[in-house]
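Asker: Got a predicted structure plus its sequence, pasted below:
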Amino acid sequence: MRIVVDNVTAMTRLLDVVDLFEGDFRVGLDFAWNSADPQPNGLAELFAAKGVFPVPPGCKREYHLAITAGHSGLRDLKAPILSLPHGIRYTKIVPEARKPGSPEARKPGSLRPVA
């Protein structure tokens with residue numbers, strides 16, 4: 001299985017999943033930096049701290065599954081891809097900014113100020 005990483009946030013999410021395979025001799029894990037972020041800010045240090053040695057770029061090994069927490073740099077990957085959500089953007093709810101009394105605030109189902 002290939003674990004495809006593009007930044008520290010994605011790596012921390014993927015490490016949560018990797019723990020599920022700990023001790024399972026049937027599953028081999030290879031980590032790869034997909035180079036989508038030209039300045040991965042701390043990713044090399046995190047790899048080193050976790051004892052992870054990423055496969056070199058351009059590795060042509062075939063995989064039964066690739067797990068990622070990003071969406072870029074996957075075009076050349078020859079495996080089914082499982083993409084996991086990470087970060088706040090997948091769970092964040094942002095109410096639209098509306099002024100009380102504006103036409104938008106009076107639409108059915110819209111947010112209204114509490115009196």
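Answerer: Sure thing, it's come through. Numbers count the residues shown, from 1 in each chain.
Asker: What is the longest helix of the chain by residue count?
Answerer: When the chain is parsed with DSSP state H, its longest helix is helix 8-18.
Asker: OK, contacts around G42?
Answerer: Contact partners of G42, counting by CB atoms under 8 Å, 6 or more residues apart in numbering, are V8. C-beta coordinates here come from the backbone N, C-alpha and C atoms, glycine included.
Asker: Quick check: the gap between it and V5.
Answerer: Going from G42 to V5 by CB to CB, to the nearest Å gives 12 Å.
Asker: so what's in contact with those two at the same time?
Answerer: Common contact partners of G42 and V5 (CB under 8 Å, 6+ apart): none.
Asker: Any regions of this protein where pLDDT drops low?
Answerer: 36-40, 72-73, 86-115 (pLDDT under 70).
Asker: can you pull out the helices in it?
Answerer: Counting by DSSP H, the helices of the chain are 8-18, 43-49.
Asker: buried stuff in the first one?
Answerer: Neighbour-count burial for helix 8-18 flags 8-11, 13-14, 18 (criterion: 16 or more other CB atoms under 10 Å).
Asker: The last one now?
Answerer: By neighbour count on 16+ other CB under 10 Å, the buried set for helix 43-49 is 43, 46-47.
Asker: Can you list the neighbours in contact with that helix?
Answerer: Counting by CB under 8 Å, 6+ apart, 5, 7-8, 11-12, 31, 33, 37, 52-54 sit against helix 43-49.
Asker: wait, G70 sits on I3?
Answerer: No: counting by CB atoms under 8 Å, G70 does not reach I3; the two are 11.3 Å apart.
Asker: Give me the more crowded residue out of those two.
Answerer: Set G70 next to I3 and count neighbours by other CB atoms under 10 Å: I3 wins out with 24 against 21.
Asker: The closest residue to that one other than its chain neighbours: neighbour count?
Answerer: Sequence neighbours aside, F31 is the residue nearest to I3 in space, at 4.8 Å (criterion: CB to CB, 6 or more residues apart in numbering). Residues lying near F31 (other CB under 10 Å) number 18.
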